[in-house]
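Participant: Just need the structure, nothing else, for what follows:
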Amino acid sequence: MHQPRVISEKLTYFPERKIGQESHGGIAFEGSYEGRSVAIKRLQQANVKLVRKEIESLIKSDEHENIVRYYGVEQDLDFFYIALQRVVLAIWMIL
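Facilitator: Alright, predicted model coming up:
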């Protein structure tokens, strides 16, 4: 069994459980934040402007029913880790 990567007391993720990837290099993993099952979006430290803008947008739209919830952000020397609501969707759910 794979061990989670611990970023802080609040945030852990499983590097082998990738659940998505973005064109600008962001990768999403299964993880937990404050004991809650979440998606952890990992972004390079070099993308600080992008991270800041994304967090601001998530906070502004927090009450919208069609936007995932933002729970928090942690960082290490290389990456930012954004904790987001994990949404599981199957194709039959939208057909």
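
Participant: State which strand of the protein is the longest.
Facilitator: In terms of residue count, the longest strand belonging to the chain (DSSP state E) is strand 11-21.

Participant: which secondary structure elements does it contact?
Facilitator: Here strand 11-21 touches strand 5-6, strand 27-33, strand 36-44, strand 79-85, going by 3 or more C-beta pairs under 8 Å, 6 or more residues apart in numbering; DSSP states H and E. For every residue, glycine as well, the C-beta is placed using N, CA and C.

Participant: I'd like those written out as a markdown table, with mean pLDDT, mean neighbour count and distance to residue 52 added.
Facilitator: Output for these, formatted as a markdown table (pLDDT from 0 to 100; neighbours: other C-beta atoms under 10 Å; distance: least, C-beta to C-beta, whole Å):
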| stretch | mean pLDDT | mean neighbour count | distance to residue 52 |
| --- | --- | --- | --- |
| strand 5-6 | 93 | 14 | 23 |
| strand 27-33 | 96 | 21 | 19 |
| strand 36-44 | 95 | 20 | 11 |
| strand 79-85 | 95 | 22 | 9 |
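
Participant: Residue 59 in helix, strand or coil?
Facilitator: Classification of residue 59 using DSSP: H, G, I helix; E, B strand; the rest coil returns helix.

Participant: just residue 54 next, same as before
Facilitator: Put simply, residue 54 is helix when judged by three-state DSSP.

Participant: Contacts only, for it.
Facilitator: residue 82 (C-beta atoms under 8 Å, 6 or more residues apart in numbering).

Participant: any idea how far it lies from residue 35?
Facilitator: Separation of residue 54 from residue 35 (C-beta to C-beta, to the nearest Å) stands at 24 Å.

Participant: in its sheet, what does the longest strand of the chain sit against?
Facilitator: strand 5-6 (antiparallel), strand 27-33 (antiparallel) (DSSP bridges).

Participant: Show me the contact partners of the first one.
Facilitator: Residues from elsewhere that reach strand 5-6 (C-beta under 8 Å, 6+ apart): 12-15.

Participant: Lowest average confidence across helices and strands of the chain, where is it?
Facilitator: Ranking every helix and strand in the chain by mean pLDDT, DSSP states H and E puts helix 91-94 at the bottom, with a mean of 61.
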